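Asks: give the three-dimensional model of this entry:
(one chain, ligands or ions: 1)
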Amino acid sequence: MSMNVQMPQFPEPYWRELELQGFQALMEDQSFDITIVGGGIAGITTGYLLANEGMKVAIVDAGKILNGTTGHTTAKVTAQHNLIYDEFINHFGEEKTKLYYESASTAIDSIVRIIQEKQIDCDYSQEDAYIYSISDKYAEKIEKEAEAYKRLGIDGNITNSIPFDIKIKNALIMKNQGQFHPLKYLKKLVEEFIKKGGVIFENTTAIDIEEGTNPKLITRSGYKINSKYIIMTSHFPFYDKKGLYFARMYPERAYVIAVTTKTAFPGGMYISADEPTRSLRYTPYNGEKLVLVSGENHQTGQGPDTLKHYVELEKFASEVLGIESYNYRWSTQDLTTLDKLPLIGPITENHPNILTATGFRKWGMTNSMTAARLLKDLILERENPYFDLFSPSRFNTDPSLRKFISTNLDVAGHLLKGKLEFVPKDPSDLANEEGSVVMVNGKRAGAYKDEDGQLHLVDTTCTHLGCEVEWNHGDHTWDCPCHGSRFSIDGEVIEGPAKKPLNKLQ
Ligand code: FES
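Replies: Model (predicted):
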């Protein structure tokens, strides 16, 4: 085992070391019962469940499957979605909150059942989940959350200690939650999906939909897929027909480092209630425990220097457990809706055969299973208790409206700020492997100088709605502060809602 405590040079999630089968791009027009856009955990689970029901299903991914949020998660399989239940009871009432909790705990049961039935070796372990406070303000919130647990019948209790050298005020335990290796689990689901006749197309970018009784998905290469239903599980739905999804969700980035530690990790999964968030869990790793330390959340494109987030996590890990070796680092992006509930169902009331699942916040493992089950029931016209709760057409003005307004003001502010900003830097000021917004011929541009001193220049105007992208130093990407689109050093789309690359400049 290497004893390297240096920050790994490039961000790369531990999960992605697992080798996955590759798939061909779509090369001709085709027809299926269902077409799913987005090969992450939500798309693959939905495809798996529908293929099990005898449906002919295609999954289409713009890049490689399992390389987006799913490949970058911390993979906690839990219904402890941070401090949420007291807030939900206040906003939605006890009945709806109970439904939300039930949806998450049923999702865990479904995941465990699949693991057992298919005998998937994916490092699943049952663990208690803890949320802890270090300030009086959050200690009080935890007391209230514990009350909510009681009202909802959640198995858990308050404690005054956690097995770390962290001075906490209190902590709330949710019993018998879980964790796993998400890609080992999903690799098996992909195999089963293929066995049942499912088809996957990689490097196939969906750019439009022709609506109708049998909607057609149009790809960038000009091919069409005909099907009864199109499901978008591609983070931001690429086609939203005035559903205005980009105004109803905001993107947040979070960071993860994976280390082996001097002090043995005691087991359990932990998250701080206080900001900046700190989260801890382990995963088995060559006979040892690899500890995933995550947190440092911030809205996408709005942090000054993203590398500093990794440094903060490293400091925390050193203080709490001591770092033996620093093995991986990566970052991830999550979408939060205005009322914090996912959006699952038809994109608008008038589009019963174009469905979406998005806005999972940081809890995609359980929310994706909830989405997959709901979408399957919707298509097969079966009962499902969660249709209304997650319907994208739900209308909750409070507290959504307040957040809606501030999110959009924030976006408007960024539109203006980016355009008016004076940028004194010139491309020649850059060192190798440095990126920055610069001035080229009196215009704002994005410049990155690679390890060979070669300059990569892009227009910083986001191709989604025209905000100005910012340089993400930690991940070497161009990130948009408005709705979270992300682009490579050469402007290629890494993550939507933008569909077109940034313009390249000479
Ligand atoms: Fe919407 Fe950039 S992501 S403007």
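
Asks: quick one: the helices in the stretch 351-500 of the chain?
Replies: Using DSSP state H, counting those that start in this stretch, the helices found in the stretch 351-500 of the chain span residues 364-379, 387-390, 400-420.

Asks: next one: the chain
Replies: Along the chain, counting by DSSP state H, helices occupy 41-52, 85-92, 94-117, 136-152, 182-195, 245-248, 307-320, 364-379, 387-390, 400-420.

Asks: what is the neighbour count of residue 160?
Replies: By other CB atoms under 10 Å, 10 other residues sit near residue 160. To be clear about C-beta, it is placed using only N, CA and C from the backbone, and glycine gets the same treatment.

Asks: what pLDDT does the model give it?
Replies: Residue 160 is assigned a pLDDT of 94 by the prediction.

Asks: go on, residue 405?
Replies: We have a pLDDT of 46 for residue 405.

Asks: repeat that for residue 401.
Replies: At residue 401, the predicted lDDT confidence score is 46.

Asks: cool, the one 10 residues further on as well?
Replies: Per-residue confidence (pLDDT) for residue 411: 59.

Asks: give the contact list for residue 356.
Replies: Going by CB atoms under 8 Å, 6 or more residues apart in numbering, residue 356 touches 231-233, 237, 240, 243, 245, 343-347, 392.

Asks: strands of the stretch 201-350 of the chain, start to end?
Replies: For the stretch 201-350 of the chain, the strands defined by DSSP state E, counting those that start in this stretch occupy 206-210, 216-219, 224-226, 229-232, 249-261, 269-272, 278-285, 288-299, 323-337, 343-346.

Asks: what's the answer for the stretch 401-506 of the chain, then?
Replies: Residue ranges of the strands in the stretch 401-506 of the chain, as given by DSSP E, counting those that start in this stretch, are 434-440, 443-449, 455-459, 470-472, 477-479, 486-487, 493-495, 504-505.

Asks: distance between stretch 75-95 and the chain's centre?
Replies: Distance of stretch 75-95 from the chain centroid (CA atoms, centre = their mean, to the nearest Å) equals 18 Å.

Asks: for stretch 483-497, same thing?
Replies: The mean C-alpha position of stretch 483-497 is separated from the chain mean by 15 Å, CA atoms, centre = their mean.

Asks: that one near the ligand at all?
Replies: Yes: using CB under 6 Å from any ligand atom, stretch 483-497 reaches the ligand at 483, 484, 485, 497.

Asks: average model confidence for that stretch?
Replies: Confidence for stretch 483-497, expressed as mean pLDDT, is 88.

Asks: identify the bridge partners of residue 269.
Replies: Residue 269 forms beta bridges with residue 129, as assigned by DSSP bridges.

Asks: ok, it - how many residues close by?
Replies: Burial measure for residue 269: 25 neighbouring residues, criterion other CB under 10 Å.

Asks: residue contacts, it?
Replies: 76, 78, 127, 128, 129, 130, 177, 179, 279, 280, 281.

Asks: re earlier: least confident of the contacts of residue 356?
Replies: residue 243 (63).

Asks: would you mind writing the CA trace of stretch 271-278 as CSV?
Replies: Output of stretch 271-278 as CSV, limited to C-alpha atoms (Å, rounded to 0.1, in the frame of the first residue of the first chain):
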residue,chain,number,x,y,z
ILE,A,271,-23.1,13.8,8.4
SER,A,272,-22.9,17.2,10.1
ALA,A,273,-26.0,19.3,10.4
ASP,A,274,-23.8,22.4,10.6
GLU,A,275,-22.3,24.0,7.6
PRO,A,276,-19.8,23.5,5.9
THR,A,277,-21.1,19.9,5.6
ARG,A,278,-18.9,17.1,6.7
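
Asks: what residues of stretch 123-131 count as buried?
Replies: In terms of neighbour count (16 or more other CB atoms under 10 Å), stretch 123-131 has its buried residues at 123, 124, 127, 128, 129, 130, 131.

Asks: how about the strands of the stretch 201-350 of the chain, which one is nearest the ligand?
Replies: In terms of CB to the nearest ligand atom, the element of the strands of the stretch 201-350 of the chain nearest to the ligand is strand 249-261, at 8.2 Å.

Asks: quick one: list the elements packing against the closest one.
Replies: Packed against strand 249-261 by the contact rule (3 or more CB pairs under 8 Å, 6 or more residues apart in numbering; DSSP states H and E) you find strand 288-299, helix 307-320, strand 323-337.

Asks: how about a markdown table for those, with mean pLDDT and mean neighbour count added?
Replies: Compiled in a markdown table, those are given as follows (pLDDT from 0 to 100; neighbours: other CB atoms under 10 Å):
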| stretch | mean pLDDT | mean neighbour count |
| --- | --- | --- |
| strand 288-299 | 91 | 21 |
| helix 307-320 | 94 | 18 |
| strand 323-337 | 90 | 21 |
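
Asks: format the ones you listed as JSON lines; extra columns: distance to residue 459.
Replies: JSON lines is the format used below for the helices and strands packed on strand 249-261 (distance: least, CB to CB, whole Å):
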{"stretch": "strand 288-299", "distance to residue 459": "23"}
{"stretch": "helix 307-320", "distance to residue 459": "24"}
{"stretch": "strand 323-337", "distance to residue 459": "22"}
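
Asks: could you dump the ones you listed into TSV with distance to the ligand added?
Replies: Shown next, in TSV, are those (distance: least, CB to the nearest ligand atom, whole Å):
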stretch	distance to the ligand
strand 288-299	12
helix 307-320	21
strand 323-337	11
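
Asks: so for residue 151, which of those sits nearest?
Replies: Residue 151 lies closest, by CB to CB, to one member of the helices and strands packed on strand 249-261: strand 323-337, at 23.9 Å.

Asks: between that closest one and strand 288-299, how many degrees?
Replies: Between strand 323-337 and strand 288-299, the angle comes out at 40 degrees (axes from the mean of the first three to the mean of the last three CA atoms, to 10 degrees).

Asks: please save the CA atoms from strand 323-337 in CSV.
Replies: Extracted C-alpha coordinates of strand 323-337, given in CSV (Å, rounded to 0.1, in the frame of the first residue of the first chain):
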residue,chain,number,x,y,z
ILE,A,323,-4.4,10.3,6.9
GLU,A,324,-2.3,7.2,6.1
SER,A,325,-2.7,7.5,2.3
TYR,A,326,-4.6,9.9,0.1
ASN,A,327,-6.0,7.8,-2.7
TYR,A,328,-8.8,9.6,-4.6
ARG,A,329,-10.5,12.9,-4.9
TRP,A,330,-13.6,13.8,-6.9
SER,A,331,-16.5,16.2,-7.0
THR,A,332,-20.1,15.8,-7.8
GLN,A,333,-23.1,17.9,-8.7
ASP,A,334,-26.7,17.6,-7.4
LEU,A,335,-29.9,19.3,-8.2
THR,A,336,-32.3,20.5,-5.5
THR,A,337,-35.8,21.5,-6.4
